[in-house]
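In: Below is the sequence, then the predicted model.
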Amino acid sequence: MGAPYSGSCNCGAVTATIDAEPAWVRQCWCRQCQKAASGSATTNALFPSDAIKLTGEVRWNGYIAESGNTIEQGFCSNCGTQIFGRNSARLGALVVRLGFIDPPHDLRPSSTIWLDEAPDWAKDGGTVELFPRQPPPPPAS
């Protein structure tokens, strides 16, 4: 289940085909990624920019990260789905949010970075309840 990969945003306005294997797949717990992911880590795959064929409008916002690099986040201008990250230290490459890549694929993180900024619950190795779909409603009070 390798390349090519396809991807789409929630509304389908942005689609992509990726004709390469990623250099890496990893989770990032830096505070900026936690903000982008509403409190979780982002899960990302790094691909060469020239391997990505994109349709639709991607909107970009940038900031200076703690590393000193300029980071830009790319998202669908229609539905807001997070799609890409660009880093001034990785010219010629785009970070693709794993959720943008359509299944089936076998991409999975091989590392987790910025754990110093992760909440304790993300580092404790504990277990959480798992549900295959929507959990049952809470008991009536």
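Out: Structure received.
In: remind me, longest helix of this protein?
Out: Determined from DSSP state H, the single longest helix within the chain is helix 31-36.
In: what number of residues lie near the residue nearest to residue 57 when sequence neighbours are not counted?
Out: Nearest residue to residue 57, sequence neighbours excluded (C-beta to C-beta, 6 or more residues apart in numbering): residue 77, at 4.6 Å. Just so you know, the C-beta spots here come from the backbone N, C-alpha and C atoms, and that holds for glycine as well. Neighbourhood size, residue 77 [other C-beta atoms under 10 Å]: 14.
In: ok, now residue 1?
Out: Neighbour count for residue 1, taken as other C-beta under 10 Å: 8.
In: what's the pLDDT at it?
Out: Residue 1 is assigned 73 on the pLDDT scale.
In: One more: residue 58?
Out: Residue 58 is assigned a pLDDT of 96 by the prediction.
In: how about it, what does it touch?
Out: 14, 74, 75, 76, 77, 83, 84 (C-beta atoms under 8 Å, 6 or more residues apart in numbering).
In: That one bridge partners, please.
Out: When assigned by DSSP bridges, residue 58 has beta-bridge partners residue 76.
In: and the gap between it and residue 19?
Out: As for residue 58, its distance to residue 19 is 18 Å (criterion: C-beta to C-beta, to the nearest Å).
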